[in-house]
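Visitor: Kindly return the folded structure for what I paste below:
(chains A, B, C and D)
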There are 2 protein chains.
Amino acid sequence: MNLSSRDLRAVIALIEERNFTRAAERVHLSQSAFSALIQGVEESLGARLFERNTRNVTLTPEGRIFEDSARRVLADFDGMVANFQDHAQRRRGRVVVAALPSLAAGWLPGVLAEFRSRHPGIELALLDQLSEQCLGLVRSGQADLALAATGDKDADLATEPLCADAFHLVCRKDHPLARQKEIRLRDLAAHPFVHLSRHSSVRRHLEAAFHPVPMQTVLEVEHLATVTGMVAAGLGITVVPALTLFHFDRPDLAVRPLRLKGLTRRILVVRRKNEALSVAAQALRELMLARKPTVAKRSLARKAVLRKVSLP
Amino acid sequence: MNLSSRDLRAVIALIEERNFTRAAERVHLSQSAFSALIQGVEESLGARLFERNTRNVTLTPEGRIFEDSARRVLADFDGMVANFQDHAQRRRGRVVVAALPSLAAGWLPGVLAEFRSRHPGIELALLDQLSEQCLGLVRSGQADLALAATGDKDADLATEPLCADAFHLVCRKDHPLARQKEIRLRDLAAHPFVHLSRHSSVRRHLEAAFHPVPMQTVLEVEHLATVTGMVAAGLGITVVPALTLFHFDRPDLAVRPLRLKGLTRRILVVRRKNEALSVAAQALRELMLARKPTVAKRSLARKAVLRKVSLP
DNA sequence: CACACTTACGATATTCGTAAGGATT
DNA sequence: AATCCTTACGAATATCGTAAGTGTG
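Guide: Purely as a prediction, here's the structure:
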């Protein structure tokens, strides 16, 4: 037993037209091929569906029983195909991205806005979490993609580089370091730091890069915006990656790039290794790679974001 | 776009087996043909359903979306086909027969019992009504078949003869007519009749056959069983068709066949002219024609019925 | 290097359309 | 005579299986 959606469509066309010639046209077949098709369907089913005498075509009582279910099955089938194609053609779907807070607040909004305007039917979810948690969300299937800093190698995860995020010194303009010609690691270590939590990837990178030189910590906070306030108040200096500099774009603060070994954070696009991305997630991944964060000088990152948001 | 139930079955086999070779066996195809089939389905749908790397086969995210609906559509499809074939093969269905009370009580029960034992899944409904109403029930579609006496020609109805039902005199054994050698019409007219209602086909036949000779009516009742009692009580004689004689099979009553012009009632099987019978109704029609009432001598009809009831 | 999917290719089946046939009104 | 379904038949197309090819673990 094997019937195709085309067969069902033909039967329904004949039910509605009650005429082989017109029904054949509706399904784009010659009348004779259509006749053979209907006979084939009847043979497959093991009983006549139509009573034909030369002048008119009528449904048999069994045909009437068939009609309703045939319409239902066909409608369900068409719905299935349409739904599938909506997903496959990025008209529908859902992508969950896990991203570091620095990216989630700075660069990502512009990218998501562009994605959204290209694919209005796709739902987006953004989980702004610390790097380690982002990776966990992808591994467990709760997120499709993660934007995270370099982490431990993981057999389940596939990564590809998004950008290298160089660290910068941020301090008040009246701070001695703001005008110093060359800034070495021990120059920084001589001043008190306003730090992010030691769980953050920024902090971890700093600890690793300074090791074994100890840093002085004046304060440890959770959010970058808080760091801004503290630094502006003169409590200390801080060292953060380029992508977070938009937090520090204020007239009273100085930002100085640092060219010190290890003071670069690599941002990765992460996904599960043994599982294909949905077409929606794939489209977002491609957009992210195409819109790689520019290697920011000072707070150009912010201007870049604004430009992108306003794209068509 | 055209997919067959076989295509869906193949996709689902592959989802479950996660292996082309085994899935191909399940749908009775060579592995290469199966591979081509899956590729064809994916091409029809416009996106990959499976991610295959030589070692294992996994569903794409879009494939997962497809899976549920595919199972549902296929189950629905199979249900549709099974239901259709149940009806077409007389495992399910419903037949409504309208029949004259005389047939409904005497001959028909045996036929219906046999039908029922052959087709236990088919519901039967019996409407015991007068001839005119039986025809109306068929015309309006409330009944599939009618067993009625000859009626007016009707453009919507097709008829075929079931049997000729000869009229018999019924009287008490001690009645003068019980022993009379030849019974003529005017002999009957000389005695008072116990009559059925003038709406009944029996009565109409009698009136037509006697015309213009008037009959004497001692009593007019609705049911044949009542006639029996009245005749046995000696209130009068009656004249009824052979198929009703089982009502009069009593030691105190005499039954005499009458060979008089017009005193034969033709019983017809009636159906709608422009509509095919359901296979169930068709099967019942064929059984009725095959088990035509025997041309009863006296109350053999009753014995015949009993014999048939006890058939396998 | 072995296993599993894909590709190549010739044989077989199916399906298609044109045209003729047959039945009904 | 006109209409409409079925049958006949050759051509185009699709499908199938064997066998060779390819890539991954």
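Visitor: The longest helix seen in chain A: what's the following helix or strand?
Guide: Criterion DSSP state H: the longest helix present in chain A is helix A:61-88. With elements assigned by DSSP states H and E, the helix or strand that comes after helix A:61-88 is strand A:93-99.
Visitor: For that following strand, buried residues please.
Guide: Judged by neighbour count using 16 or more other CB atoms under 10 Å in any protein chain shown, the buried positions of strand A:93-99 are A:93, A:95-99. To be clear about C-beta, it is placed using only N, CA and C from the backbone, and glycine gets the same treatment.
Visitor: mind listing the strands for chain A?
Guide: A:50-53, A:56-59, A:93-99, A:122-128, A:145-149, A:157-172, A:192-196, A:216-221, A:238-241, A:253-257, A:264-272 (DSSP state E).
Visitor: Which other helices and strands does the third one contact?
Guide: So the one you mean is strand A:93-99. The contact analysis (3 or more CB pairs under 8 Å, 6 or more residues apart in numbering or on different chains; DSSP states H and E) places strand A:93-99 against helix A:108-118, strand A:122-128, helix A:131-139, strand A:145-149, helix A:279-290.
Visitor: of all these, which lies closest to DNA strand C?
Guide: Proximity to DNA strand C (CB to the nearest atom of the strand) singles out helix A:279-290 among those, at 18.0 Å.
Visitor: anything in the closest one near chain B?
Guide: Yes: Helix A:279-290 comes into contact with chain B (CB under 8 Å from any CB of the partner chain), by way of A:279, A:281.
Visitor: ok, residues contacting that helix?
Guide: Helix A:279-290 has contacts (CB atoms under 8 Å, 6 or more residues apart in numbering or on different chains) with A:87-90, A:93-95, A:97, A:111, A:114-115, A:118-119, A:122, A:124, A:144-145, A:147, A:160, A:162, A:269, A:271, A:276-277, B:47, B:61-62.
Visitor: and those, which are buried?
Guide: Buried among the contacts of helix A:279-290 (16+ other CB under 10 Å): A:87-90, A:93, A:95, A:97, A:111, A:114-115, A:119, A:122, A:124, A:144-145, A:147, A:162, A:269, A:271, A:276-277, B:47, B:61-62.
Visitor: thought residue A:49 was touching residue A:66?
Guide: Yes: if you go by CB atoms under 8 Å, residue A:49 and residue A:66 touch, sitting 5.9 Å apart.
Visitor: Between all of the buried residues of strand A:93-99, which two are separated the most?
Guide: Farthest-apart pair in the buried residues of strand A:93-99 is A:93 and A:99; separation 18.5 Å (CB to CB).
Visitor: Contact partners for the nearest residue to residue A:40 once chain neighbours are set aside?
Guide: Sequence neighbours aside, residue A:7 is the residue nearest to residue A:40 in space, at 7.7 Å (criterion: CB to CB, 6 or more residues apart in numbering or on different chains). Residue A:7 sits next to A:37, A:40-41, B:4 when contact means CB under 8 Å, 6+ apart.
Visitor: do the longest helix of chain A and chain B meet?
Guide: Yes: Helix A:61-88 lies within reach of chain B by CB under 8 Å from any CB, at A:61-62, A:65-66, A:69-70, A:72-73, A:76-77, A:79-81, A:83-85, A:87-88.
Visitor: Kindly report the residues of chain A close to chain B.
Guide: Within reach of chain B by CB under 8 Å from any CB, chain A has these residues: A:1-7, A:45-47, A:51, A:58, A:60-62, A:65-66, A:69-70, A:72-73, A:76-77, A:79-81, A:83-85, A:87-89, A:274-279, A:281.
Visitor: are any of these buried, and which?
Guide: A:3-7, A:45, A:47, A:60-62, A:65-66, A:69-70, A:73, A:77, A:80-81, A:83-85, A:87-89, A:275-279, A:281.
Visitor: picking up where we left off before, quick one: the helices and strands packed on strand A:93-99 as JSON lines, columns for mean pLDDT too.
Guide: Listed next are the helices and strands packed on strand A:93-99 as JSON lines, based on pLDDT from 0 to 100:
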{"stretch": "helix A:108-118", "mean pLDDT": "96"}
{"stretch": "strand A:122-128", "mean pLDDT": "96"}
{"stretch": "helix A:131-139", "mean pLDDT": "93"}
{"stretch": "strand A:145-149", "mean pLDDT": "95"}
{"stretch": "helix A:279-290", "mean pLDDT": "95"}
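Visitor: Single out the most deeply packed of these.
Guide: Ranked by mean neighbour count, the helices and strands packed on strand A:93-99 are led by strand A:145-149 with a mean of 25 (mean count of other CB atoms under 10 Å in any protein chain shown).
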